[in-house]
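could you look at this predicted model? Sequence included:
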Amino acid sequence: MAKQSTFTGSTKIAIIHGKEHFLMEHYTVDLESALAKEYGDIDRVVFDGETIDLATVLDEVRTFDLLMRYKLVIIDHADTFLARKNKDNKPTRQAIERYAESPVESATLLLRAKSWRPGKLDKIVSKVGTVCKLQNYTEQDTVRWCIARCEKAHKCKIDSKGASTLVSRIGLSLTSLDSELCKLSACVSPETSISNEDVLQMVRLGKEEQAWEIQSVLLTGNEGAAMTKLCELMDISKQPKELLMWSVVDLTRRLSAASTMLSSGLSGGDVRKSLKLFGDAGNRILSVAKRQKPNRLADLFTEAVAVDVQTRSGLLDGRRGLESIALHVCKAIRL
């Protein structure tokens, strides 16, 4: 889970870094609320750290608001901002370090970034403000988050199976998941419970997600089922052959990579995180990777790439190429 932090009205400078946008905004709102309790209305000013210069930022934090409101000055992409040099050809990071040692009383400076390089600035900020590192959620963390978020924010309950299905279909983006939870809770109203069946019925697979369905079928090793699913996706769902081919190639890539990682001593959890393996399909990929030798799955990946190249160059019919590599994948998985 994300590292908890406490913001107060005395926070003059803060750093929030991590890849999850939902949590980034959540912590920003918490900071703004703490400042509002202390100072009343807050003037939020947001700069893009990829384009803004140091002088403009410092002018903003040091200049009083016309309405005498307290300022929250936010710099997004702060890592890029700090890495640049200012007009005097001096490091921006050093200038912000000096500012953090003696920040103004009429504003709070918030640095936000997806990636971050800890250093002297973090130590200085910790003395006068807060440094908050947002951890990436695992699949299990995200399922638990969905259950808690649904009840707290949307006044509705979702069971663990439904939450797991939702995550497998949507992914680990908390912003996207929250949007789906909002839709689901509205759809089941006046009921206050979301079941797995509700998720299956209401959260539809998009065209791209439908193409990935072929992976779960191939992982069964059932050649007949694989051919049936390919025909369904191409002839009924009208999926592009190029997208289906890429899905098959991606499966062989992940099987090969998982097998190599496991043989090198990495745990199943590490492999899951690295290759973004979710749900039952992820379990099957790990199962096959544990069973098969790395060189065999590496050869399968090489073969899939070769077939893809042939179909793209017109040397092999797209449908025939898909059927051929799908059969090879099924055979390799069964052995």
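Received, thanks.

can you pull the contacts of residue 226?
Residue 226 is in contact with 214, 217-218, 220, 326-327, 329-330, counting by CB atoms under 8 Å, 6 or more residues apart in numbering. C-beta: built from backbone N, CA, C; applies to glycine.

closest to residue 17 out of the residues you listed?
For these, the residue nearest residue 17 by CB to CB is residue 214; the value is 37.6 Å.

thinking again about what came up before, of the contacts of residue 226 - the most surrounded one?
Within these, residue 218 tops the neighbour count with 30 neighbours, counted by other CB atoms under 10 Å.

follow-up on the earlier one: and which of the contacts of residue 226 is nearest residue 302?
Closest to residue 302, out of all of the contacts of residue 226 and judged by CB to CB, is residue 329, at 12.8 Å.

confirm that closest one sits in a helix?
Yes: according to DSSP: H, G, I helix; E, B strand; the rest coil, residue 329 belongs to a helix.

wait, it touches residue 249, no?
No: using CB atoms under 8 Å, residue 329 makes no contact with residue 249, being 10.0 Å away.

overlap of the contact sets of the two?
Joint contacts of residue 329 and residue 249 (CB under 8 Å, 6+ apart) are residue 304.

in the stretch 201-335 of the chain, where is pLDDT below threshold?
For the stretch 201-335 of the chain, applying pLDDT under 70 flags the ranges 204-211, 279.

so which residues of it form helices?
Along the stretch 201-335 of the chain, the stretches classed as helices by DSSP state H, counting those that start in this stretch are 207-218, 223-231, 241-263, 268-275, 279-291, 294-313, 318-334.

can you list the ones you listed in a markdown table and add distance to residue 79?
Shown next, in a markdown table, are the helices of the stretch 201-335 of the chain (distance: least, CB to CB, whole Å):
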| stretch | distance to residue 79 |
| --- | --- |
| helix 207-218 | 30 |
| helix 223-231 | 44 |
| helix 241-263 | 28 |
| helix 268-275 | 22 |
| helix 279-291 | 31 |
| helix 294-313 | 34 |
| helix 318-334 | 41 |
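
so which of these gets nearest residue 196?
It is, among the helices of the stretch 201-335 of the chain and with distance given as CB to CB, helix 279-291, at 12.5 Å.

what angle separates the closest one from helix 241-263?
50 degrees (axes from the mean of the first three to the mean of the last three CA atoms, to 10 degrees).

quick check: buried residues in helix 279-291?
Neighbour-count burial for helix 279-291 flags 281-282, 284-286, 288-289 (criterion: 16 or more other CB atoms under 10 Å).

where does pLDDT dip in the stretch 1-150 of the chain?
For the stretch 1-150 of the chain (pLDDT under 70), the answer is 1-6.

quick one, helices of it?
21-39, 54-62, 78-83, 92-101, 120-128, 139-154.

got CSV for the ones you listed, with distance to residue 15 too?
CSV is the format used below for the helices of the stretch 1-150 of the chain (distance: least, CB to CB, whole Å):
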stretch, distance to residue 15
helix 21-39, 11
helix 54-62, 14
helix 78-83, 7
helix 92-101, 10
helix 120-128, 6
helix 139-154, 22
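
how about these in TSV, adding mean neighbour count?
Formatted as TSV, these follow (neighbours: other CB atoms under 10 Å):
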stretch	mean neighbour count
helix 21-39	17
helix 54-62	16
helix 78-83	20
helix 92-101	18
helix 120-128	16
helix 139-154	18
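
residue 84: what's it in contact with?
residue 92 are the contacts of residue 84 under CB under 8 Å, 6+ apart.

would you confirm that residue 87 contacts residue 58?
No: counting by CB under 8 Å, residue 87 stays clear of residue 58, with 11.7 Å between them.

returning to that earlier point: residue 277 is nearest to which of the helices of the stretch 1-150 of the chain?
Going by CB to CB, the one of those nearest residue 277 is helix 139-154, 8.4 Å.

give me the number of residues near the closest residue to residue 266 other than its chain neighbours?
Nearest non-adjacent residue to residue 266, counting by CB to CB, 6 or more residues apart in numbering: residue 274, 7.8 Å away. Counted by other CB under 10 Å, the residues lying close to residue 274 total 13.

contacting residues for residue 274?
Taking CB under 8 Å, 6+ apart as the test, what residue 274 contacts is 257, 261, 266.

what's the closest of these to residue 102?
Nearest to residue 102 among the contacts of residue 274, with distances taken as CB to CB, is residue 266, at 46.7 Å.

angles on the backbone of the closest one, please.
phi -70, psi 150 (degrees, to the nearest 10).

so what's the residue count around it?
Neighbours of residue 266 using other CB under 10 Å come to 15.

could you do the one 3 residues further on as well?
For residue 269, the number of neighbouring residues by other CB under 10 Å comes to 13.

circling back: how close does the residue nearest to residue 266 sit to residue 306?
25 Å (CB to CB, to the nearest Å).

go on, residue 230?
19 Å.

okay, these two: which has more neighbours?
Between residue 230 and residue 306, counting by other CB under 10 Å, residue 230 is the more crowded of the two (21 against 14).
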